[in-house]
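Student: Here is the input, now give the coordinates:
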Amino acid sequence: MNSKPVSTSVSTSAAKSGKSPVRKAVIPAAGLGTRFLPATKTIPKEMLPIVDKPTLLLVVEEVARAGFEDVVLIQGRGKTAIEDFFDVSYELEEKLEREGKTDWLSSLKNIRNSINVISIRQKRALGLGHAIWTARPVIGDEPFAVLLGDEIMINKESETPVIGQLAQRFASTGLSTVAMMKVPDSDTHKYGIVAGDPVASEAGIEVLRVRDVVEKPSTGTAPSNWALPGRYVFDAEILRELADAKPGKNGEIQLTDAMQSIAKQKGMLASTFVGRRYDAGDKLGYLQANIELALERDDLRVDLTRYLKSLAGRL
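Tutor: Predicted coordinates:
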């Protein structure tokens with residue numbers, strides 16, 4: 001492995017212009033959502049609301065804000081509600097427009113106008129790696145981003161979205177780049193974990209040249225505390241790795257196995273990021289996202305704050 005420090009400043013012409021060489025994003029949304037049963041028996045977990053927006057819409061908005069052109073939604077059986085949501089509902093939308101009730105439609109219309117939403121069916125649930133591999137007819141030989149559909153990243157308007165931060169680093173280095181965050185020892189078994197060697201980076205952001213990638217290691221065996229929170233930018237080579245992948249942990253095609261191969265052969269970076277992250281696939285994380293994002297709403301902040309204070313006084 002080349003131990004020479006990797007420059008992480010954005011230096012390519014594409015990066016300087018603000019235009020990302022990454023044009024496409026994949027959002028796997030075919031999971032069964034068993035942690036939210038019985039609600040998810042008929043409602044895709046990605047459509048559970050954060051205040052009044054489906055979780056998936058927040059993820060797609062991140063893609064659109066990063067300036068990507070296409071987003072590929074990987075879906076399974078029983079997920080038609082996702083396609084219906086991004087489709088046009090003529091009668092409902094015309095009625096709301098006549099009545100002047102258009103606020104909730106604005107973000108959805110912005111998505112339609114700024115990005116192509118493409119749906120692909122994953123016919124068999126064979127793991128995250130397989131879900132991403134099914135996007136190959138759209139991705140072709142281009143680099144692409146992956147965003148997990150139940151992981152929410154929130155940035156200020158003045159900040160580059162998290163997936164855009166990774167795309168900029170990819171533009172600068174030409175290396176697949178994934179987001180990482182520190183977790184306590186007690187939580188390493190919940191995540192894919194990366195370990196590696198520090199490389200040159202700007203203040204406040206830590207960057208590793210990845211050496212190891214392990215899928216949900218047993219407690220006490222993790223090679224580090226750097227967890228993967230569901231944001232990735234890959235060279236198209238990852239699709240070729242996934243095409244030849246054998247079932248790994250839990251009998252599934254694991255994305256982390258393909259990442260390990262890429263890290264060894266071509267090199268891969270893992271980077272911390274600027275932004276807030278919520279695990280909306282976890283019950284506590286889902287509640288935290290609802291409360292904290294509601295507190296940022298002008299129409300809810302005062303009453304919700306008053307309620308939370310009164311609740312705290314009763315505990």
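
Student: how about stretch 99-117: buried residues?
Tutor: Neighbour counts using 16 or more other C-beta atoms under 10 Å place Leu108, Ile111, Ile115, Val117 of stretch 99-117 among the buried residues. In short, each C-beta sits where N, CA and C put it, glycine included.

Student: For Ile74, see how far away Ala135 is.
Tutor: 6 Å (C-beta to C-beta, to the nearest Å).

Student: Find the residues that touch each one of these two.
Tutor: The overlap between the contact sets of Ala135 and Ile74 (C-beta atoms under 8 Å, 6 or more residues apart in numbering) consists of Val26, Ile120.

Student: ok, now which ones touch the nearest residue to Tyr286 once chain neighbours are set aside?
Tutor: In this structure, Tyr286 finds its nearest non-sequential neighbour in Ala280, 4.8 Å apart by C-beta to C-beta, 6 or more residues apart in numbering. Contacts of Ala280 were listed using C-beta under 8 Å, 6+ apart, and they are Leu48, Ile50, Thr55, Asp150, Glu151, Ile152, Tyr286, Ala289.

Student: Let's see which of those end up in helices.
Tutor: For the contacts of Ala280, the ones inside helices are Thr55, Tyr286, Ala289, with DSSP state H as the criterion.

Student: Would you tell me which one of those comes nearest to Glu99?
Tutor: Sorting these by distance to Glu99 puts Thr55 at the head of the list, at 27.1 Å, by C-beta to C-beta.

Student: How many residues are close by the closest one?
Tutor: 24 (other C-beta atoms under 10 Å).

Student: So it versus Ile27, what's the distance?
Tutor: For Thr55, the distance to Ile27 (C-beta to C-beta) stands at 11 Å.

Student: Same question for Gly127.
Tutor: Between Gly127 and Ile27 the distance, using C-beta to C-beta, works out to 16 Å.

Student: Between these two, point out the one with more neighbours.
Tutor: The neighbour count for Gly127 versus Ile27, taken as other C-beta under 10 Å, is higher for Ile27 (28 against 24).

Student: Kind regards, and thank you for your time.
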